[in-house]
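Chemist: heads up, no residue letters with this:
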């Protein structure tokens, strides 16, 4: 009897000794575990309660929640941070931060998140990490408080602003303070200042905040806000014109890439090559294969995948082009209708072959990190992938021009296309020059495919979307003239983008076609017509 | 000449290879099922999967002993994404191959093109894709969603849960998006949304340069009201659209996009990391967690011998339609069209979202509506679900032309467009 009493007493003492430590952890754990049981509609409150603790341990929990890496154990409802490894999850205790082994996925259920939860997480994380020692974390925090302004965070923002030394973060925080101030219950005079600051900074976000604040604002403040909105809208309209030019250039560069190979096969050689689009498609599939190999065996090289794919795509499509020329087209020179039908047949065969090998569905081609995202240039939004594609298109154009004008091979090509018999008499092996020229045009189409895989679907139909546009550009620019293709592509791109906001995408495209038909009536040889004897040949 | 002969040969070979499946010279002890899905051309990207799904369902049924003591035999034809060819191939299936029912079509225009054939030759078509409604035919069973089973609940969700006040209705320029957007516009206005808060935008098929439109959406969304995009963009145009959204940094938390034509198959060609949180409304997601679905996914992966193949909503529609047809034939005891048409109404079979779907007298079925958010692994996570099943409403209540119309194919009414205000059969769409 005594012994049992003594053991009990001992146990009691032990618990009492540990308890203080437990007590400090318990509320946090309870709050975290509550996330596992909460309904989506109540999550906001749970997140706010967690954020209120101000505990730095909350940050990784909220981050995991936002990313969908927070799981609750089905057995006891305990919530863990997880990391996926195959069919199991490795668990980390959210309070102690220690790893607690692995568990099969079936034993855990994911804590559900939706956009509302992600918004709440973003705003909570923003105010929690404003004072983080890491500059990048502070920058991110400032961005998120700017994106989801919350009147309660105003105090935290002002504290952070007082402590902040870094210029870029400070500027963001100033803006965040202004946006938050407008929706808070501060005096009108302070708000007026905030409106002024937003007006100076401008931009779409400021516009959005000001228009939203307009309805709820104090009457004396309304004229200020209206003036600010008007001034921002005006500067936005100016930038919009610049933005349209940029979009036009970018569309033009895509047209140029698609058409430049055709400018050789159709423009220089005069072959109506309906399989041109399929060369672009083969180039895109080459990129897919290269990325597939890299993903499986050399993940570190992913950012280089496009550079590796470029020469390979050139070789693959160049070889296919060579085979096409040797196998079919050389028998059909001078018979445009038969060439058209034969190349159209080849395009169908290539499409169906790719469909059989790779399946009919889209294939995933990833963007390397240097081609993702966008940056702001004044009021312009410039996406990296479009910028690189413009530069790439111009580089390909320059290289091709150099090849045609400055190398012996280019000389032979021009000689053969201008006067075949004379060139032959001079000892040029015209059949091989034909074959190589066609292979060059096809290879360039393949390289275009590498670039287009970054912005379009990689599917067997990829080429069909570009074939009509390509012919349009070459005919508009003037058959046989590379400069014409360049000017044609960019002017069609810009024309299209200026029509689109007014006429809509469908009507815009139709208008462009009508304009081209009218133009061709007037100048049948396109923008830059070749003059002289070459025309008759 | 030789080369011309060779090219013609290549052509013939290509044509033959696509029609080679036709070889249906089976004995009389089989029941034939026609599969009318494009295996080449633009729509092959979506429709080939449905052909495979049907072949799998038929193979599974044959393992279970077939139907009425006979084996089922699939007859596959390739209408090659060519709308008039759909009608031709449908005629071939019914008159030459004598199939008992046809499972097929994807686009509304292909369905419209085969309708007269099914009516004339009195056969049965199961149509598995979500569509714009405004139709109910005696010979067609619509197992995909009508607008009230997809579009309207999605808009309701955004209004209630995301408090959206400003709407961009973006679609591809053809009949499904145009009709759906007409219905949605009428619905939004009836809910008190101002016309200036609705922006409608159409793009051509296969549109690939989305820069202007995405930046317009951004501009439209910066008017200080919560904005969402309702996308009826179809097929190939989706990948460049989502890539542009990701690149211009439109996050789901700020401007969510809810899509009606983007499923697991379409996402397979995309890096979904930057798209987490954008939404889709369907009646089925691969991620739905129940034993029937787990079994279906397992069979599908084994059948295609590909562990990465995904399932999607139209596949589930075929699963439901096929099982309904089996049950109706068993009930009728024959594959005779008229008997099966009579037996179909009221048939109830399990669907893959964990409930039962029933064929209604208007030839549409009951389904749950799910709203899912895109996840980083290319799957959807259900964030909302209708509490019960929704009956497909063929004639929209929100369009002035069709709000008085109902459809009931049971005797004695037997009418696809009965006008309740005039009390007569026949009206729009007759």
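Modeler: Perfect, I can see it now. The structure displayed is predicted, hence computed values, not measured ones.

Chemist: do the helix or strand encompassing residue B:302 and chain A meet at all?
Modeler: Assigning secondary structure by DSSP states H and E places residue B:302 in helix B:291-304. No. In terms of Cβ under 8 Å from any Cβ of the partner chain, no part of helix B:291-304 sits within range of chain A; the closest distance is 9.6 Å. Just so you know, the C-beta spots here come from the backbone N, C-alpha and C atoms, and that holds for glycine as well.

Chemist: What are the boundaries of the helices in the stretch 201-350 of chain B?
Modeler: B:211-220, B:238-247, B:264-267, B:291-304, B:313-332, B:337-344 (DSSP state H, counting those that start in this stretch).

Chemist: Turn these into a markdown table, columns for mean pLDDT and distance to residue B:389.
Modeler: A markdown table is the format used below for the helices of the stretch 201-350 of chain B (pLDDT from 0 to 100; distance: least, Cβ to Cβ, whole Å):
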| stretch | mean pLDDT | distance to residue B:389 |
| --- | --- | --- |
| helix B:211-220 | 91 | 34 |
| helix B:238-247 | 88 | 28 |
| helix B:264-267 | 86 | 22 |
| helix B:291-304 | 94 | 16 |
| helix B:313-332 | 96 | 12 |
| helix B:337-344 | 94 | 18 |
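
Chemist: right, and the ones you listed - which one's nearest residue A:268?
Modeler: Distances from residue A:268 to each of those were compared by Cβ to Cβ, and the smallest falls on helix B:238-247, at 30.5 Å.

Chemist: roughly how far is that closest one from the heart of the chain?
Modeler: Here helix B:238-247 shows a centroid-to-chain-centroid distance of 23 Å under the convention Cα atoms, centre = their mean, to the nearest Å.

Chemist: ok, back up a step: would you list the helices of the stretch 201-350 of chain B in TSV and tack on mean neighbour count?
Modeler: TSV is the format used below for the helices of the stretch 201-350 of chain B (neighbours: other Cβ atoms under 10 Å in any protein chain shown):
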stretch	mean neighbour count
helix B:211-220	21
helix B:238-247	24
helix B:264-267	25
helix B:291-304	15
helix B:313-332	23
helix B:337-344	18
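
Chemist: if we compare those, which one ends up closest to residue A:257?
Modeler: The nearest among the helices of the stretch 201-350 of chain B, by Cβ to Cβ, is helix B:238-247 at 14.8 Å.

Chemist: ok, now which ones touch residue 220?
Modeler: Went with chain A since none was named. Residues touching residue A:220, when contacts are defined by Cβ atoms under 8 Å, 6 or more residues apart in numbering or on different chains, comprise residue A:188.

Chemist: Actually, chain B is the one I wanted.
Modeler: With contacts defined as Cβ under 8 Å, 6+ apart, residue B:220 is in contact with B:166, B:168, B:199, B:227.

Chemist: which one of the residues you listed is nearest chain A?
Modeler: For those, the residue nearest chain A by Cβ to the nearest Cβ is residue B:227; the value is 9.3 Å.

Chemist: And the pLDDT for that closest one?
Modeler: pLDDT recorded at residue B:227 is 94.

Chemist: thought it was touching residue B:164?
Modeler: Yes. Here residue B:227 lies in contact with residue B:164, judged by Cβ atoms under 8 Å, at a distance of 6.7 Å.

Chemist: and residue A:55, how many neighbours?
Modeler: Residues within reach of residue A:55, counting by other Cβ atoms under 10 Å in any protein chain shown, total 15.

Chemist: thinking again about what came up before, which residues make contact with the helix holding residue B:302 from outside it?
Modeler: Residues external to helix B:291-304 that are found in contact with it (Cβ under 8 Å, 6+ apart): B:52-53, B:55-56, B:59-60, B:286, B:307, B:309, B:311, B:315, B:319, B:350, B:352-354.

Chemist: got the angle for that helix vs helix B:313-332?
Modeler: Here helix B:291-304 runs at an angle of 100 degrees relative to helix B:313-332 (axes from the mean of the first three to the mean of the last three Cα atoms, to 10 degrees).

Chemist: now helix B:291-304: how far from the chain's centre is it?
Modeler: 20 Å.

Chemist: I'm done for today, thanks for sticking with me.
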